[in-house]
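J.: dropping the sequence and predicted coords here.
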Amino acid sequence: MQIPVLVERVPNNGFRAKAGEPLALCADGATPEEAVRNLRAVLDRHMAGKQLTSVDMAPDNPWLAMAGMFDPSDPLIHEWKEDMASYRQEVENDPNRP
């Protein structure tokens with residue numbers, strides 16, 4: 001697993017390596033490489049006996065479960081689309097339409 005780490009210069013000619021949430025930890029070192037090594041050691045100690053995982057969330061829109069459920073090669077779907085287009089054109093051409 002890789003996580004983004006910010007390495008920045010700090011006062012007194014040192015460097016700090018920081019990780020973000022959910023592992024908001026940091027470590028200092030005399031060089032950028034040392035700061036990253038020290039951060040790795042802090043992360044190893046922090047994660048001992050723990051597991052980092054992810055969770056799939058259900059889609060917010062319940063209609064998404066039905067998306068793509070009709071076979072586009074089905075002749076009824078083709079006929080349905082043609083009828084919709086025809087009706088749409090009829091509505092657009094209606095002189096009494098506001």
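T.: On my side now, so go ahead.
J.: now this protein, which segments are flagged as low pLDDT?
T.: Residue ranges of the chain with pLDDT under 70: 59.
J.: what residue spans form the domains of it?
T.: Domain assignment of the chain by automatic domain parsing yields the ranges 5-47, 62-93.
J.: can you tell me which of these is most buried?
T.: Highest mean neighbour count among the domains of the chain (mean count of other Cβ atoms under 10 Å): domain 5-47, with a mean of 14. In short, each C-beta sits where N, CA and C put it, glycine included.
J.: quick one: end-to-end length of that domain, please.
T.: End-to-end span of domain 5-47 (Cα to Cα, to the nearest Å): 16 Å.
J.: still on that earlier bit, now the domains of the chain as a markdown table including distance to residue 53?
T.: What follows is these, written out as a markdown table (distance: least, Cβ to Cβ, whole Å):
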| stretch | distance to residue 53 |
| --- | --- |
| domain 5-47 | 11 |
| domain 62-93 | 24 |
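J.: relative to residue 92, how far out is residue 10?
T.: Look at residue 10 and residue 92: by Cβ to Cβ, to the nearest Å, they are 66 Å apart.
J.: which residues does residue 26 contact?
T.: Listed by Cβ atoms under 8 Å, 6 or more residues apart in numbering, the contact partners of residue 26 are 16-19, 39, 42.
J.: hmm, try it at 7 Å
T.: Contacts for residue 26 (Cβ atoms under 7 Å, 6 or more residues apart in numbering) come out as 16-18, 39.
J.: by residue count, what's the longest helix in this structure?
T.: Longest helix in the chain, counting residues (DSSP state H): helix 75-93.
J.: who are the packing partners of that helix?
T.: Here helix 75-93 touches no other helix or strand, going by 3 or more Cβ pairs under 7 Å, 6 or more residues apart in numbering; DSSP states H and E.
J.: residues contacting it, please?
T.: The contact list for helix 75-93 (Cβ under 7 Å, 6+ apart) reads 70-71, 97.
J.: again, 6 Å this time
T.: Helix 75-93 is contacted from outside by residue 70, using Cβ atoms under 6 Å, 6 or more residues apart in numbering.
J.: that concludes my questions; thank you for your assistance.
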